[in-house]
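Chemist: dropping the sequence and predicted coords here.
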Amino acid sequence: MGIESRLIWMDGEFIPFADATVHVLSHTLHYGLGVFEGIRAYQQPDGSPGIFRLDEHLERLVDSARMCHIPLRYTVEDLREACLETLRVNGFKSAYIRPLVFLGSGAMGLGTRNNQVHVCIATWEWGAYLGSEGLEKGVRVACSSFSRHHVNANLQRAKVVGHYVNSILARYEANDNGFDEAIMLDTNGLVAEGTGENIFLVRRNVVTTPPVINILGGITRDTVIEILRHDGFDIREQQFGRDALYIADEMFMVGTAAEVTPIREVDRREIGPPGKFTKHIQQVYNDGVHGRVPWMIERGWITLA
């Protein structure tokens, strides 16, 4: 399944997919200063597309730009309508939505601040990020030799284009060593996150996830925490080392792209097939994003296109 669509929204207008190009001297291409979001739309019970937690994603996009000194001329409301309209014009019922804020060509150099800021929104149909088999049976992961950025080395709460080189190298390493995904440790050796997902583990009926200190505060992570609390499970946000991974009863990764993906093995230590906690979260999350969980709908987490 490719990433092509009929039209892409760029700087306030729709252009054909093939014409959505940038100059090779665009600043972001050279230095990585840009921000983006990954958002999913799911077909709802009435057949219409519904975007899950759209405003939260767009608020984080705006916040990320602000943290990076990137001036945006679009508000959350502007971007919301642009996302909805992009979904409509491409006729998708379920899709991945990628807003991207980047700096164009003009001046070059690290101190450049006056290049034009561009915003684009693309959509495409996308299945399971780590494969349908991974969603069903779980994936094999390994702790990476690449550390997650130190909390003071980058803006950890911002979803910045250049940050993901760190994740790409970790993912390449994991794949080259025969694993599906990597787990990143921070510079103190504590578990941080996956290359594009947050981590949860279950031990003796307690669910634990790292706090938002050295990780991206994932929106799917927040959703899963809310599901666990709503359904009466013991959920704790606290730091832990890689040894906790090895004795976990269950483990799973979450993210907008990855959704809720079970982990069946870590560093060649067997965790086992998806357990009752993982299966419960998977089911409620899947029902929720498809508009079948009343309390999630009441929270306003579905925006109909």
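Modeler: Ah, there it is.
Chemist: where does pLDDT dip in the stretch 1-150 of the chain?
Modeler: Along the stretch 1-150 of the chain, segments meeting pLDDT under 70 span 1.
Chemist: rerun at 90
Modeler: Scanning the stretch 1-150 of the chain for pLDDT under 90 picks out 1-2, 126-134.
Chemist: ok, now the stretch 201-305 of the chain?
Modeler: Ranges of the stretch 201-305 of the chain meeting pLDDT under 90: 214, 305.
Chemist: which residues in it form helices?
Modeler: For the stretch 201-305 of the chain, helices defined by DSSP state H, counting those that start in this stretch occupy the ranges 219-230, 242-246, 276-289, 294-298.
Chemist: any buried residues in the third one, and which?
Modeler: Okay, so that is helix 276-289. 277, 278, 280, 281, 282, 284, 285, 288, 289 (16 or more other CB atoms under 10 Å). For every residue, glycine as well, the C-beta is placed using N, CA and C.
Chemist: out of the residues you listed, who's nearest residue 89?
Modeler: Closest approach between the buried residues of helix 276-289 and residue 89, by CB to CB: residue 289, at 22.2 Å.
Chemist: just checking, that closest one touches residue 44?
Modeler: No. Counting by CB atoms under 8 Å, residue 289 stays clear of residue 44, with 9.4 Å between them.
Chemist: what about the strands in the stretch 51-200 of the chain?
Modeler: Using DSSP state E, counting those that start in this stretch, the strands of the stretch 51-200 of the chain run over 95-103, 117-124, 139-143, 181-185, 191-194, 198-203.
Chemist: for residue 266, find the nearest of those.
Modeler: strand 139-143 (5.2 Å).
Chemist: so in that sheet, which strands flank that closest one, and in what orientation?
Modeler: Strands that pair with strand 139-143, judged by DSSP bridges, come out as strand 181-185 (parallel), strand 259-266 (parallel).
Chemist: can you list those in TSV and add mean neighbour count and distance to residue 196?
Modeler: Shown next, in TSV, are the strands paired with strand 139-143 (neighbours: other CB atoms under 10 Å; distance: least, CB to CB, whole Å):
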stretch	mean neighbour count	distance to residue 196
strand 181-185	24	9
strand 259-266	23	11
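Chemist: and of the ones you listed, who's closest to residue 167?
Modeler: So among the strands paired with strand 139-143, strand 181-185 is nearest, using CB to CB, at 7.4 Å.
Chemist: check contacts around residue 30.
Modeler: Residues in contact with residue 30 (CB atoms under 8 Å, 6 or more residues apart in numbering) are residue 108.
Chemist: try the one 10 residues further on
Modeler: Listed by CB under 8 Å, 6+ apart, the contact partners of residue 40 are 51, 52, 94, 95, 96, 97, 256, 257, 289.
Chemist: grab the nearest non-local neighbour of the most far-flung residue of the chain relative to its centre.
Modeler: For the chain, the largest distance from the centre (CA atoms, centre = their mean) belongs to residue 107, which lies 31.3 Å off. Distances taken as CB to CB, 6 or more residues apart in numbering place residue 115 nearest to residue 107, at 6.0 Å, with adjacent residues excluded.
Chemist: and the one you found, what does it touch?
Modeler: Residue 115 makes contacts with 27, 103, 104, 105, 106, 107, as judged by CB under 8 Å, 6+ apart.
Chemist: and those residues, which is closest to residue 272?
Modeler: residue 103 (46.7 Å).
Chemist: for the nearest residue to the closest one once chain neighbours are set aside, give me phi and psi.
Modeler: Spatial nearest neighbour of residue 103, chain neighbours left out: residue 27 (3.8 Å); criterion: CB to CB, 6+ apart. Main-chain torsions, residue 27, degrees, to the nearest 10: phi -60, psi -40.
Chemist: likewise for the one 4 residues further on?
Modeler: Note on residue 31: its backbone torsions stand at phi -120, psi -10 [degrees, to the nearest 10].
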